[in-house]
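pasting a predicted model and its sequence here:
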Amino acid sequence: MDIALLIVTLIVILVGAETFTNALEHLGERLKISEGVTGSIFAAVGTALPETMVPLVAVLASDGAHEIGQEVGVGAILGAPMMLSTLTLFLMAAFAAQKRGWGGEFKPEHSGLDRDLSFFLLAFGLGAIAIFVPHEMRLLRGAIAITLVLVYFVYLLLTIRASARLVMDGHGTEADHPLLLTRIGLPENMATIILQLGFGLGLIVLGAKGFVVGIEHLSAWLGVSALVLSLLIVPVATELPEKINSILWIRRHKDTLAFGNVTGAMVFQGSLLPALGIMLTPWEARPEVLLGMGLTLFAATYLFVMLRRGTLRPRHLILNGVLYAAYFVTLAG
C-alpha cells in the first residue's frame, strides 16, 4: 500500500511539474526573455518545485513523528543537488552521446552556465559550513541562512539583467509545445497561462504531501533510516522533471536550456533550501550528510573546471555518473 501511494503521488507530482513547466515556457516566450532566464529561473524553479515542496511539507506539516519529518526534509534538501550534479548530468551526456558520440561537443551559452555554477558553489559551500556551526550560535546560523537567501536574490538580478543581451544574440525563448489548456478549448492568453501555472502548482503540493506520508510509512516498515531513504529515493523521484526536460532539450541540441534547467535548479536548491534546513532542522554533521555534501561540491567544481577549460564533451560527465554510483552503493550498503 505504501509503495502504491508513492507511485500515485509521484505521478501527480510529475503531471503537475509538466503542467507548470509548459506554462512557464509560454510565459517566457510571451515576455520575450532569454533561454537563460527561462532555463535557469523559470524552468529550473518550476521543475524544482517537487523537491522544494517535499522538504517544506516534511518539516512544517508532517503527520508523522517530528524527527522523521526533519530527516525526510534534510534528505530531500541535500539529495536534490547531489542528484542533479551527478546522475542527471551523466544521463544528459549518455543521451547526447547517442547522436553526437562521447567525443561530441556541448554548446551551452557559457556566461549563464558559469554564473549558475559560481553561485551554486558559493551558496552550497556556505550551507556546508553551517553544518559545523554549533546550535548555540543561533545568530551566526541565522546570518548564514539570511545570506543564502540574499545570494539567490542577487543571482536572480544578474540573470535577468543579462536577458536582453542574450535575446539580441539569438537566445530568445521559444515554446516547443502548445499550451496544455488550449487543447480543451481555452484561448492562449496570459490569463490561461496563469491558470495553468496555478493548477500545476496545486498538483505538485498535493503530490508532495502524499509522498512524504508514503516515505514515513515505508521507512517504518523497512526499518531503514528516513534520512537514508530520503537521500536515495526522494531525489530520484522528484528530480525526474529536470532529467526528462533536460534530456529532451539536449537531444534537440538546445544545450542552453538543458544545462540551465539543471544548474539553475542547483542554485535554487543550493541556496533557499539549505536556508530552510539551517533554520528548521538539526542541520548537523552526520556521515550521510557530509558524504552527500562533499560529493556534490566535488561534482559541481569538476563541471565548473571543465567548462572553464573551454570545451565540454559527453565523456567528461562520465565521472559524475561514477560519483553517484559510489554514493548509492555507500548508503545502500
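Alright, I've got the coordinates. Numbering: from 1, shown residues only.

identify each buried residue in the helix or strand harbouring His26, please.
His26 is part of helix 2-31 when elements are defined by DSSP states H and E. Neighbour-count burial for helix 2-31, counted by 16 or more other C-beta atoms under 10 Å, picks out 2, 5-6, 9-10, 12-14, 16-29. (Glycine included, C-beta is placed from N, CA and C.)

spatially central, which residue of the chain would that be?
Taking C-alpha atoms, centre = their mean as the criterion, Ala265 is the residue nearest the geometric centre of the chain, at 3.9 Å.

you'd agree it is up against Leu84?
Yes - contact criterion C-beta atoms under 8 Å: Ala265 and Leu84 qualify, at 6.0 Å.

got the contact list for Gly104?
96-97, 313-314 (C-beta atoms under 8 Å, 6 or more residues apart in numbering).

want to throw those into JSON lines with neighbour count and secondary structure?
Putting those into JSON lines (neighbours: other C-beta atoms under 10 Å; DSSP: H, G, I helix; E, B strand; the rest coil) gives the following:
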{"residue": "Ala96", "neighbour count": "23", "secondary structure": "helix"}
{"residue": "Ala97", "neighbour count": "17", "secondary structure": "helix"}
{"residue": "Arg313", "neighbour count": "18", "secondary structure": "coil"}
{"residue": "Pro314", "neighbour count": "24", "secondary structure": "helix"}
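
now do the phi/psi pair for Arg309.
Main-chain torsions, Arg309, degrees, to the nearest 10: phi -70, psi -20.

ditto for the one 4 residues further on
With angles defined as degrees, to the nearest 10, Arg313 sits at phi -120, psi 160.

so where's the stretch 1-150 of the chain uncertain?
1-2, 32-36, 38-40, 43, 46-73 (pLDDT under 70).

which residues in it form helices?
Ranges of helices in the stretch 1-150 of the chain, per DSSP state H, counting those that start in this stretch, are 2-31, 35-37, 44-60, 66-83, 89-100, 110-130, 138-161.

those helices: which one's closest to Leu295?
Nearest to Leu295, of all the helices of the stretch 1-150 of the chain, is helix 66-83, at 6.4 Å by C-beta to C-beta.

who does the helix or strand harbouring the residue nearest to the centre of the chain touch, helix- and strand-wise?
Using DSSP H and E, Ala265 sits within helix 255-280. Under the contact definition 3 or more C-beta pairs under 8 Å, 6 or more residues apart in numbering; DSSP states H and E, helix 255-280 sits against helix 35-37, helix 44-60, helix 66-83, helix 89-100, helix 110-130, helix 138-161, helix 240-251.

now the ones you listed in a markdown table, with distance to Ala332?
Shown next, in a markdown table, are the helices and strands packed on helix 255-280 (distance: least, C-beta to C-beta, whole Å):
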| stretch | distance to Ala332 |
| --- | --- |
| helix 35-37 | 37 |
| helix 44-60 | 20 |
| helix 66-83 | 13 |
| helix 89-100 | 18 |
| helix 110-130 | 23 |
| helix 138-161 | 30 |
| helix 240-251 | 20 |
